[in-house]
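1. Requesting a structural model of the entry that follows:
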Amino acid sequence: MSKKKNKRGNKTLWLILLAAVLIALITIGYLKNKDFTHHEGPPKKPGSPDELLQNMSLDEKVGQVIIAYFNGPEFTSRLAEELREFPLGGVILYSTSSNIESPAQVAALTEKIQKTAVDNGSLPLFIAIDQEGGSVARLTEGVTVFPGNMALGAAESEELARLSAAVTARELRILGINLNFAPVVDVNNNPDNPVIGVRSFGSHPEAVACLGTAVVDPYRQEGVLATTKHFPGHGDTDVDSHYGLPLIPYSLSRLKSLELLPFQAMIKAGVPAVMMAHILVPQLTGSDELPASLSPQAVRYLREEMGFDGLIVSDSMSMGAITGNWGLEEASVAAFQAGVDIILFGPWTGVQPGDRRKIFSALKQAVENGTITLERLDQSVKRILTAKMKYKIIDDPLPRRESLPDLASPQNLEVARRIARESVTLARDRASVIPLSPQEMVPLIWPAGMESSLAPLTKECPFLQPHLLPLQASSDEAGELFELLRTSPLVLAGTCNLRQYPAWAGLINALAGETEVALLALSSPYDLLAAPRVATYLCTYSDSSVSMQALGQVLNGTLTPKGRLPVELPGLE
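-> Numbering: from 1, shown residues only. Purely as a prediction, here's the structure:
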């Protein structure tokens, strides 16, 4: 009896040992072939950001905090392979990088990007863009093109702000774009600001806050993240941070009452992302050297004092404010150390798309050597995963190509036309020349190279006689036109940021001393400051086709101008 028990016991022991050996061999084979750079095969849908975070490798985590640009209209096999080696949390599309040719091409591109990411075993990406409307719009063909923020400021309409945001977000989502770096809520109260201008809603912080907050819910409802920028406020600067490092020298009490006021309102409204600017704000950062984008104190103020718990995105790390003072890798690590969640890398002079690898490697090395703690990295990655889950980027990342025919629909275009009609502003008309008499031809000085904007205007006003003049005209060219037009009873001049073009300003002021001049400001409303002698002053804030159509209707008398100047113009009576 005992021998039989021993035989059974030995047999059981051998079976256990054999099973253990088989399990060990299988495990060794799995580990040998497993690629720990990132997980292979489609990722399982997580139940929570924490669950997903636990299963991510270091490379995957580092990749999530980078949004970078690439060149070309197609996502090539080379780019796909690079995405396997250096995973990214997102990409950003630019027309200057040849990413954008047509709506159908963009939808095909975003679909390929997302399918490639999933096939690689990565998460779907943020696909970002700067589609502010007006002067900053990467998509301009086959979509609804809006006059921009300052036109909304002149229209003084929250309803139109909501409608334009809904249309923009809906059309972006159709194309597979899920993150827009808009709206701008900088308070543009500096006439010499070279980079914000008509991108702002205006110079009054309360009005900027009112119109800015109106766009938050429409974006959320359409499934696109809105990003308010450029914190803590880029409106009162005279340096473009693409080229240099601007300074905001004011006290904290002044910042709270002006620059920070719209951002606080946006946070209260639930905006999911804030973009940090490359600007010096010593009273906020405690430093005369660190811009807000690299400042732990600025991020702490945004988080703790202003109560923001969403995503913090850097402005592009390729801009001159950064590359002229720090190395790309050094600045990227510093921004992340400061508390920025996403490092943005866009095209600019002196950088190449492949430089995104430098950012990836620098951040990874900083985690490995302890400069950035794993806890700090996980904190940002969790915020990113939370946003991607909330906005259904993980579950539903693909474009809605079946809805491409809905782009630039008659209903959407009517919203753009309404904004244009409500925004045209007659700021001065001393000689009561508006509306114009169609009985005689009226000379119109127009910027050469902007003929496409001229067509909708002359269609409404066939009595206009255009004279094209280059923006960078010589004094001789301007002088010839002066001699030609000085005896005309009335001269119209379409201007585009007149203060930047001295020959234009000299010509208009000289003509204003000889005859009646009506200035048509097609962009900055501050053009009047460069030509204070003109008798009539009209502002459109945009040279979009809908704005030019509305301007033509004001000139021919079929539309009464209703817009109000959204900025203070010194000397305007």
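2. my guess is Asn412 meets Glu171, correct?
-> Yes. Here Asn412 lies in contact with Glu171, judged by CB atoms under 8 Å, at a distance of 7.3 Å. Every residue, glycine included, has its C-beta placed from N, CA and C.
3. and for stretch 540-551, what are the contacting residues?
-> Stretch 540-551 is touched from outside by 134-135, 145-148, 150-151, 153-154, 198, 413, 416-417, 419-421, 423-425, 450, 453-457, 459-460, 496, 520-523, 525, 538, 559, with contacts defined as CB atoms under 8 Å, 6 or more residues apart in numbering.
4. mind giving me the domain split of this protein?
-> As assigned by automatic domain parsing, the chain contains the domains 56-410, 424-556.
5. average pLDDT across the longest one?
-> What that stands for is domain 56-410. Per-region confidence: domain 56-410 scores 97 on mean pLDDT.
6. now it: how far from the chain's centre is it?
-> Using CA atoms, centre = their mean, to the nearest Å, the mean C-alpha position of domain 56-410 is found 6 Å from that of the whole chain.
7. Narrow the contacts of stretch 540-551 to those in helices?
-> Residues from these lying in helices, with DSSP state H as the criterion: 150-151, 153-154, 413, 416-417, 419-421, 423, 453-457, 459-460.
8. hang on, the earlier thing: mutual contacts of Asn412 and Glu171, please.
-> Thr144.
9. who's more crowded, those two?
-> Shown here are Asn412 and Glu171; by other CB atoms under 10 Å, Glu171 has more neighbours (25 against 22).
10. ok, back up a step: quickly compare the domains of the chain and say which is most buried.
-> Most buried of those by mean neighbour count (mean count of other CB atoms under 10 Å) is domain 56-410; its value is a mean of 21.
11. In a helix, Pro570, correct?
-> No. With DSSP: H, G, I helix; E, B strand; the rest coil as the criterion, Pro570 is assigned coil and is not in a helix.
12. Hmm, it is touching Pro532, no?
-> No. Contact criterion CB under 8 Å: Pro570 and Pro532 do not qualify, at 9.7 Å.
13. what's the closest of the domains of the chain to Gly47?
-> Proximity to Gly47 (CB to CB) singles out domain 56-410 among the domains of the chain, at 9.9 Å.
14. Any idea how far apart the tips of that closest one sit?
-> End-to-end span of domain 56-410 (CA to CA, to the nearest Å): 46 Å.
15. Alpha carbons of stretch 105-121, in PDB - could you do that?
-> Coordinates of each C-alpha in stretch 105-121 appear next as PDB, following Å, rounded to 0.1, in the frame of the first residue of the first chain:
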ATOM      1  CA  GLN A 105      -6.000  64.700 -48.300                       C
ATOM      2  CA  VAL A 106      -5.900  65.900 -44.700                       C
ATOM      3  CA  ALA A 107      -8.600  63.400 -43.700                       C
ATOM      4  CA  ALA A 108      -6.600  60.600 -45.400                       C
ATOM      5  CA  LEU A 109      -3.400  61.800 -43.700                       C
ATOM      6  CA  THR A 110      -4.900  61.800 -40.200                       C
ATOM      7  CA  GLU A 111      -6.500  58.400 -40.800                       C
ATOM      8  CA  LYS A 112      -3.100  57.000 -41.800                       C
ATOM      9  CA  ILE A 113      -1.400  58.500 -38.700                       C
ATOM     10  CA  GLN A 114      -4.000  57.000 -36.300                       C
ATOM     11  CA  LYS A 115      -4.100  53.600 -37.900                       C
ATOM     12  CA  THR A 116      -0.300  53.500 -38.000                       C
ATOM     13  CA  ALA A 117      -0.100  54.400 -34.300                       C
ATOM     14  CA  VAL A 118      -2.600  51.700 -33.300                       C
ATOM     15  CA  ASP A 119      -0.900  49.100 -35.600                       C
ATOM     16  CA  ASN A 120       2.400  49.900 -33.800                       C
ATOM     17  CA  GLY A 121       0.700  49.200 -30.500                       C
END
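16. And what about the closest residue to Leu498 other than its chain neighbours, helix, strand or coil?
-> Closest residue to Leu498 apart from its sequence neighbours, by CB to CB, 6 or more residues apart in numbering: Asp527 at 3.9 Å. For Asp527, the assignment made with three-state DSSP gives helix.
17. In a strand, Ile127, correct?
-> Yes. With three-state DSSP as the criterion, Ile127 is part of a strand.
18. If it is in a bridge, with which residues?
-> Val91 (DSSP bridges).
19. what's the answer for the one 10 residues further on, then?
-> Applying DSSP bridges to Ala137 gives these bridge partners: Gln131.
20. so it makes contact with Asn149?
-> No. Using CB under 8 Å, Ala137 is not in contact with Asn149; the gap is 11.3 Å.
21. mind listing the helices for the stretch 201-350 of the chain?
-> Here the stretch 201-350 of the chain has its helices, by DSSP state H, counting those that start in this stretch, at 205-213, 216-222, 252-257, 260-269, 282-285, 296-300, 320-323, 328-338.
22. Which one, of those helices, ends up nearest to Met56?
-> helix 328-338 (16.7 Å).
23. elements contacting the closest one?
-> Counting contacts by 3 or more CB pairs under 8 Å, 6 or more residues apart in numbering; DSSP states H and E, helix 328-338 packs against helix 296-300, helix 320-323, strand 343-345, helix 356-368, helix 374-390.
24. same thing but at 6 Å, please
-> Packing partners of helix 328-338 (3 or more CB pairs under 6 Å, 6 or more residues apart in numbering; DSSP states H and E): helix 356-368.
25. For the helix it packs on, give me every contacting residue.
-> Helix 356-368 is contacted from outside by 62, 66, 68, 86, 328-329, 332-333, 343, 345, 372, 377, using CB atoms under 6 Å, 6 or more residues apart in numbering.
26. With stretch 298-314 instead?
-> 264, 267, 272-276, 284-285, 292-293, 335, 338-344, 383, 387.
27. Likewise for stretch 419-427?
-> 147, 151, 154-155, 160, 537-540, 546-547, 550-551, 554, 561-563, 565.
28. next one: it to chain centre, how far?
-> Centroid separation for stretch 419-427 versus its chain: 24 Å, with CA atoms, centre = their mean.
29. got the end-to-end distance for it?
-> One end of stretch 419-427 sits 18 Å from the other (CA to CA).
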